[in-house]
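Q: attaching a predicted model along with its sequence, questions to come.
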Amino acid sequence: ILKLQFLYLIGRPSKMGKKDKVSLVCENGDPFIPDPENPLACSTCSTLKSRAVPKEEYEKKKLEDEIAALEEQLKAKMSAKAKAEEEAEAGKKKKKDKKEKKGKQEPLIDLQPEQGCRDFAPEDYRLRNWLFGTFRKVAHLFGFEEYDAPVLEPENLYIVKAGKGDASAGEEILDQMFNFTTKGGHKVALRPEMTPTLARLVMQKGQSLLLPVKWFSIPQCWRYEAIVRGRKREHYQWNMDILGVPGVTAEAELLAAIITFLKEIGLTSEDVGIKINSRKMLQTVLKQAGVKDSQFAPVCIIIDKVDKVERCEIEEMLREKGLTDDVIDTILRTLTIKSLDEMEKAVGADSEVVKELKSLFANLEAYGFADWIQLDASVVRGLAYYTGVVFEGFDRAGHLRAICGGGRYDTLLDTFGHNTSIPACGFGFGDCVIVELLKDKKKLPVFESPIDDIVIPFNETMRTQSITVLERLRAAGRHADIILEKKRSPKQAFSYADRRGAKYAVLVAPDEWSKGQVRLKDLNDEEDKRGVEMTVDELIEKLTGKKEA
């Protein structure tokens, strides 16, 4: 409309000079061409000359008509919009009035958990209990003992650990932590990982600690990171660590535990693989290239990002650490090594790293897990404290981030000022990625209700008798519940028991009780309409498969 009004106000530039004749147009906008036989009429449309108008006048009139039409359209749209808004507002008011009439109100709180965190309703908790139970089962199978510690730790515990070998790493870990200052002025953090806490406990035990240590834990960890599939801002992590063993037999035991767990939950070597490397490999190559030891940890942090960023970015980050292009090419070429033979050619058959990895692979072959593992020199792990063998579990389909990871950290206790060096290695196995993988593979188990039986009093006069039956069931080891409300009819109670997922319903009614019996209904049997009468002793024997003593 504004454009048309603008054209209307300024008019279109005339092509005629002052002495030119005014050009006329007919009613349809075509030029007026006089008929040779009748000059007062147009030769093409028969419009009379008296009805023809100057071209500029015709164009102005046309613009005025277009403006008027657009204004009408705009008024119609505005009217429709106003009507829609009015109807929406009326709908909201009606809905609000309806809620107020029912005595309801909008929640005064946000019903969702904090961003990046999870709720565990009973159906979710069943999955968590199964997963954690399998973690514990495998750990106990391998002779590990469980430990725990406060989720709140001194902030410095993580800064000291992360900053070893790279001053900037301490700042980076601070950005990833949920940290704050207490009312007492202490700087604390929600633990982002468990290994520093393990180190603190081991140092606390001192000389009284019997080596080797085989400990495990399933702590909740917190990191303020980007939220992606398989990574939250809080997660639980199965940690297993062995302290006091300098050789790769410890790594072999840890890797065997991981693979045993994966098999236990129904995964195969076609679903998951484990990449293995040693930091000593890259350290050897860097030493041969003249790179200082102080640059090693920062270089590893950069290399750990190889699968996450472009090669040119990796090269630029390495240049910023003072490495030459020749050294960078050597590093990136080393990362492509995928076999022990290639590694031997790169650093020599007598190299310590080659001997260690050959021994590790031989041990894992003896465990029967050769098809799960592979050498991959690009795995270095980003944490600064790793000193030798490192490994990562990965989804062979390539859809998910690392499933688990770990390695050897022989100098971690030294970092915290421990007066005795203790060799150590361990791994972390998060609960988020593995659940996503099981979903992808359609291998998540179906979790039944934990309730075996629900006892149904026919009415309140049968309440105490029902409690007697309930206690007999519980004493026999059955997971039993009872209808607590007064108002439920037997029909409603049976429906409730079925919806709760109970296997059996036990009706305690006057007629049956007078004969010393109850009525048992199998809720999974559609043909069992009325149930079966039996004594309480017979009930216990049927449900447990054994007679009471």
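A: Cool, got the structure.

Q: which parts of the stretch 151-300 of the chain are strands?
A: Here the stretch 151-300 of the chain has its strands, by DSSP state E, counting those that start in this stretch, at 152-154, 178-181, 187-190, 213-217, 220-222, 234-243, 272-278.

Q: what pairs with the fourth one, parallel or antiparallel?
A: So the one you mean is strand 213-217. If you go by DSSP bridges, strand 213-217 pairs up with strand 145-146 (parallel), strand 234-243 (antiparallel).

Q: format the ones you listed as a markdown table; extra columns: distance to residue 358.
A: (Each C-beta comes from the backbone N, C-alpha and C, glycine too.) Shown next, in a markdown table, are the strands paired with strand 213-217 (distance: least, CB to CB, whole Å):
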| stretch | distance to residue 358 |
| --- | --- |
| strand 145-146 | 31 |
| strand 234-243 | 20 |
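
Q: buried deepest among these, which one?
A: Neighbour counts averaged per stretch over those are highest for strand 234-243, at a mean of 22; criterion: mean count of other CB atoms under 10 Å.

Q: residue 344 belongs to a helix?
A: Yes - secondary structure assignment (DSSP: H, G, I helix; E, B strand; the rest coil) places residue 344 inside a helix.

Q: burial of residue 87, as a residue count?
A: A count of neighbours around residue 87, defined by other CB atoms under 10 Å, yields 10.

Q: I'd like the numbering to begin with 47 instead of 1 from here.
A: Renumbered: residue one is now 47, and that last one reads residue 133.

Q: off-centre distance for the strand or helix carrying it?
A: Residue 133 belongs to helix 101-147 when elements are defined using DSSP states H and E. Its chain's average C-alpha position is 46 Å from that of helix 101-147, according to CA atoms, centre = their mean, to the nearest Å.

Q: kindly report the same for stretch 337-351.
A: From the chain centre to the centre of stretch 337-351 is a distance of 29 Å (CA atoms, centre = their mean).

Q: thinking again about what came up before, mind putting the strands paired with strand 259-263 into CSV with mean pLDDT and distance to residue 373?
A: As requested, these are exported to CSV (pLDDT from 0 to 100; distance: least, CB to CB, whole Å):
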stretch, mean pLDDT, distance to residue 373
strand 191-192, 98, 45
strand 280-289, 97, 34
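
Q: follow-up on the earlier one: what residues of the very next helix or strand once past the helix holding residue 133 count as buried?
A: Towards the C-terminus, the helix or strand next in line after helix 101-147, according to DSSP H and E, is helix 168-187. Along helix 168-187, the positions that meet the burial threshold by neighbour count (16 or more other CB atoms under 10 Å) are 172, 173, 177, 180, 181, 184, 185.

Q: quick one: the helices in the stretch 447-595 of the chain?
A: Along the stretch 447-595 of the chain, the stretches classed as helices by DSSP state H, counting those that start in this stretch are 458-461, 477-486, 509-521, 536-545, 556-560, 582-590.

Q: run through who's touching the fifth one.
A: Going back to what we said before, that points to helix 556-560. Residues from elsewhere that reach helix 556-560 (CB atoms under 8 Å, 6 or more residues apart in numbering): 504, 507, 508, 511, 564, 565, 579.

Q: what do you get if the cut-off is 6 Å, keeping everything else the same?
A: Under the criterion CB atoms under 6 Å, 6 or more residues apart in numbering, residues 511, 564, 565, 579 lie in contact with helix 556-560.

Q: if anything else comes up later, I'll come back, but that's it for now.
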